[in-house]
Each structure stands twice: as C-alpha cells, then as structure tokens.
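Student: Next input, structure requested:
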Amino acid sequence: ELVVEDTLAPVYKETEFKESYNVALFLPLMLSKNDREMSKPLKLDEVREMYGTTKISFDFYQGFLLAADSLSNAGLSVDIYVYDTNRDTATIGKIFKKPEFETMDLVIGPLYPRTIPYTAKLCAEKQIRIVLPFNSDAEILYENPSAYKGVASNMTLLDGTIDYIIENHKNHNIIILKPKTALDIALYERARARFNEKIKRESGTYNISVIETPGSSSGRTLNALINKDTTNVFIIPSTNLTLVSNAMSNLNQMLNMNPYSKKLRVIAFGLEEWNKFTDLDVKYRNRSNQHYASYRFLDYDSEQGVKFIHAFRNRFGTDPNVYSSQGFDYGMYFLSALHLYGTNFDLSIAQHQMKLTQNDFQFRTVENGSGRENQRVCIVKYDNYKLVQLK
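Tutor: Here you go, the predicted model:
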C-alpha cells in the first residue's frame, strides 16, 4: 500500500533551460486499422467515422497541440514528436532506439495499460520524465521518481470522499455497505478505517463510528437503519456493476416503502467509475442524490471552458470533447513546467498551479524515492439530472 508523503525526489541532473525542448507523445493512433475502417463501404444513411481508438488519440493530440501553440506566444519553443504505439510494446521498443531519444525531455503517454509498465521502465532507464494521462496502476510509480500519474486512484478518491463526508456530514447518519469482491473489500476497509479514525477527533457527531451493513441488504433492511430526522448518507465503496446496481435499486425500494420518503434526505456516495455503467438507472442516481469523487470536472459553461471552446473552434473548426480537453490540460501544465522550471521541474511541481479546463493538478510523491500521483479530489453530485461540482 502506497503511503502519501510530500518529499523531494532524487535529483539526477541539475535543471537545464533549453532554447527548445523535445517532447514525445505516445498515442495508439492505430493508423493502419483506421485506414481499413475508413475504406469500408458505407451502408445507406451510415456516417463514416474514425476508428474509436484513433479518434480518442487524435482528440488528445489536438488539445495538446493547442496548448503548445498557446504557450509559444509566451516564448516556449518545443519540438513535439508524435508516435503511433499501436498498443504494442515491440513498437515502443523500436521508438526508444531512435536518435532523438538521446535528448528527449518528456514523454506523454502511452494510453493502454499493457504498454504503460514497459514504457515507464524504458523512461526510467534513460532518466526521461514520463506523464501518464490515462488510468494506470499505482505500482508504476514505485521507485520511479521520473513518473507522474495524472489519474487519481480509487483509494485516493475514496480518501477524499471520507474527508468530505466528515467535514460536511459528521452530524448526519453515516452507513457503509460492505461488498464481497477482494478489490472492493480493500476499498471498503480503507474507507471504514479512515472514517472511524477521523470521526474520533470530531465533536457533535451523529455516529461514533460508521454503521455497517452488507452490500446486498434489502430495501427493508436499509429502511431499518435510517432516521427520518436527519440526512442519511450511504457509502458504497464498489466498482462491481452487479453490487452497485442492486444497492441503488434497494435504496430506491427503501424510498418507496418509507412513509416519509418525500421528506427523507438520502445521499449515496459512489465512485466515478459508475459513470461507465450504462445499465445503472439515472433515475436512481438522481433520486438518491448520488455524489462521487473525481480528479477532474469539465464545465464548458465556466469562464475557462468558454475560452477553451472558442480557441479550439478557431484552431480546428470543431468543438472539443473530454479527450481534447485532457490533451490541452496536460500540454498546458507540463509544457509550462518545462518552460518555467527547466528540464528538472520536479522540485517546483508542487507549487505549479494554473487554470485549466477540467483538471487542477496536485502532484505529490506517494513514497520517498518514488513517482508522483495527482492527489486532487473534487466532489460531484447529480442535481436534477445534471452534474454539479461541490468542491
């Protein structure tokens, strides 16, 4: 288990300010696969679209390129090398043998889990900093101070959830649902232990410890645990679709049978991964006021979001999406770090803050001598079928 410590990573080299920096983008563009998809004959009323992986990679690239263009006005000079990784470690191995990798300052990517450990290992050997913009295992950071993990782990997000609940709901009825799978049990034990430890230090609390009940508890069982005179907070630390779907259904059943349901205050805290569950009824989410923790929140109506949309339209003639926004944020953050602090920006990254479209990076070392994970946690809730950021 990784322990959060804000320490300084070993400095391999003194920081160097260059006239121009070299940055590599490792993206599974899958160009050959996309060519085959684009050459297929179309059926009546069918629209030709890029291969899915190609589209995601291309969107990320466009956002990153817009960031580089924006920073060039501030004096940054950067050579961006774009490589098609094809989701293949052999291809990545050949890329690292290219002469430009003798002077490469930063690698962004790759995207696919099976290629990430191999790429991180090669970067560590060459002492090249690597930024992982998509989900990856925390093990990647172990004894690799050159690695940056941009997606906060579920453990980190759950820690943020518990801290938010204690800060905002300590005087409410807190109930945790216990899952069955090994992965979920680890999340459950982490959440329970953190809550019970922190609640001891608080005064005026409703619970002296979290109330526990099986994840399979029926609506009738859940109904016996709630109190009509206070808000009832349910923590569901699970990424299992079956358990989550049943739990949300049972919460809905509980509300149906409770005579005070119209006035009953219920909040279900889950994980952002639930957004991938297309089978999860949105009505259940909205009725239970589902909250979840995330490392990002995209609001195109914000001042920063509107500026980004206008700039993206002017540059590419189309609207951005979540992937192009990610590419822009990573480009702005890490290219500006190179520009401001030089090749060894590690020692200044904790203080490096800037307004981005959907991220607010807060990188901290997870263990002395290891890499950094984004520790930013924001709380998002369903409010009348819309997502609203609370923190």
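Student: Going along the chain, name the strands of this structure.
Tutor: Chain-ordered strands for the chain, with DSSP state E as the definition, fall at 21-27, 78-84, 106-108, 129-132, 147-149, 173-178, 211-214, 232-235, 266-271, 291-294, 363-365, 372-374, 378-383, 386-389.
Student: Of all these, which one is nearest K43?
Tutor: Ranking these by distance to K43, with Cβ to Cβ as the measure, places strand 78-84 first at 28.6 Å. Glycine gets a C-beta too; all of them are placed from N, C-alpha and C.
Student: I'd say I199 and S209 touch.
Tutor: Yes. With contact taken as Cβ atoms under 8 Å, I199 and S209 are classed as touching, separated by 6.6 Å.
Student: These two: which has the busier surroundings?
Tutor: Looking at I199 and S209 with other Cβ atoms under 10 Å, you find the greater number of neighbours at I199, namely 19 against 14.
Student: who touches that one in this structure?
Tutor: I166, K170, T205, N207, I208, S209, V210 (Cβ atoms under 8 Å, 6 or more residues apart in numbering).
Student: so which of the residues you listed is the most crowded?
Tutor: Per-residue neighbour counts (other Cβ under 10 Å) across these peak at V210, which has 19 neighbours.
Student: Next, count neighbours for A350.
Tutor: With neighbours defined by other Cβ under 10 Å, the count for A350 comes to 14.
Student: ditto for L251
Tutor: L251 is surrounded by 25 other residues when neighbours are defined as other Cβ under 10 Å.
Student: so what's it closest to, chain neighbours aside?
Tutor: Distance criterion Cβ to Cβ, 6 or more residues apart in numbering; nearest residue to L251, sequence neighbours excluded, is S288 at 5.0 Å.
Student: Check L183 too.
Tutor: Sequence neighbours aside, T239 is the residue nearest to L183 in space, at 6.9 Å (criterion: Cβ to Cβ, 6+ apart).
Student: Distance check, that neighbour against P179.
Tutor: Between T239 and P179 the computed distance is 9 Å (Cβ to Cβ, to the nearest Å).
Student: could the strands of the chain be laid out in a markdown table, adding mean pLDDT?
Tutor: Converted to a markdown table, the strands of the chain look like this (pLDDT from 0 to 100):
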| stretch | mean pLDDT |
| --- | --- |
| strand 21-27 | 97 |
| strand 78-84 | 97 |
| strand 106-108 | 98 |
| strand 129-132 | 97 |
| strand 147-149 | 96 |
| strand 173-178 | 96 |
| strand 211-214 | 95 |
| strand 232-235 | 97 |
| strand 266-271 | 95 |
| strand 291-294 | 95 |
| strand 363-365 | 92 |
| strand 372-374 | 95 |
| strand 378-383 | 93 |
| strand 386-389 | 90 |
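Student: if we can go back for a sec, same list, the contacts of I199, but as JSON lines with pLDDT and distance to S336 please.
Tutor: Written out in JSON lines, the entries for those read as follows (pLDDT from 0 to 100; distance: Cβ to Cβ, whole Å):
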{"residue": "I166", "pLDDT": "96", "distance to S336": "35"}
{"residue": "K170", "pLDDT": "95", "distance to S336": "39"}
{"residue": "T205", "pLDDT": "93", "distance to S336": "43"}
{"residue": "N207", "pLDDT": "90", "distance to S336": "45"}
{"residue": "I208", "pLDDT": "92", "distance to S336": "47"}
{"residue": "S209", "pLDDT": "94", "distance to S336": "45"}
{"residue": "V210", "pLDDT": "95", "distance to S336": "42"}
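Student: mind listing which of these are in helices?
Tutor: I166 (DSSP state H).
Student: Mind putting the contacts of I199 into a markdown table with distance to D59?
Tutor: Rendered in a markdown table, the data for the contacts of I199 read as follows (distance: Cβ to Cβ, whole Å):
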| residue | distance to D59 |
| --- | --- |
| I166 | 38 |
| K170 | 42 |
| T205 | 46 |
| N207 | 45 |
| I208 | 49 |
| S209 | 46 |
| V210 | 41 |
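Student: Among the contacts of I199, find me the one that's closest to T318.
Tutor: Using Cβ to Cβ, the shortest approach to T318 within these belongs to I166, at 43.7 Å.
Student: Could you report the neighbour count for Q253?
Tutor: Considering only other Cβ under 10 Å, Q253 is surrounded by 15 other residues.
Student: What of the one 10 residues further on?
Tutor: As a burial measure, K263 scores 9 neighbours (other Cβ under 10 Å).
Student: surely it meets K228?
Tutor: Yes. The criterion here is Cβ under 8 Å, and K263 meets it with K228 at 7.2 Å.
Student: What residues of stretch 18-34 count as buried?
Tutor: Along stretch 18-34, the positions that meet the burial threshold by neighbour count (16 or more other Cβ atoms under 10 Å) are Y21, N22, V23, A24, L25, F26, L27, P28, L29, M30, K33, N34.
Student: Farthest pair within those?
Tutor: The largest distance within these, taken as Cβ to Cβ, falls between Y21 and K33 and amounts to 31.1 Å.
Student: mind checking how far D346 is from Y81?
Tutor: Per Cβ to Cβ, D346 is found 22 Å from Y81.
Student: the more surrounded of the two?
Tutor: Under the neighbour definition other Cβ under 10 Å, D346 and Y81 were set side by side, and D346 has more, 23 against 15.
Student: Could you verify my assumption that the more buried one touches A147?
Tutor: No. Under the criterion of Cβ under 8 Å, D346 is not in contact with A147, lying 10.8 Å apart.
Student: list the residues that contact both of those two?
Tutor: Common contacts of D346 and A147, defined by Cβ under 8 Å, 6+ apart, comprise R129, R372.
Student: Please enumerate the helices of this structure.
Tutor: Listed in chain order (using DSSP H), the helices of the chain are 31-39, 52-72, 89-95, 116-126, 154-169, 182-199, 219-223, 241-257, 282-287, 303-316, 322-341.
Student: Output the shortest one in PDB with nothing but the alpha carbons.
Tutor: Put plainly, it is helix 219-223. These are the backbone C-alpha positions of helix 219-223, laid out as PDB (Å, rounded to 0.1, in the frame of the first residue of the first chain):
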ATOM      1  CA  GLY A 219     -34.700  -2.100   1.000                       C
ATOM      2  CA  ARG A 220     -36.400  -3.300   4.200                       C
ATOM      3  CA  THR A 221     -33.000  -3.700   5.900                       C
ATOM      4  CA  LEU A 222     -31.800  -0.300   4.800                       C
ATOM      5  CA  ASN A 223     -35.100   1.300   5.900                       C
END
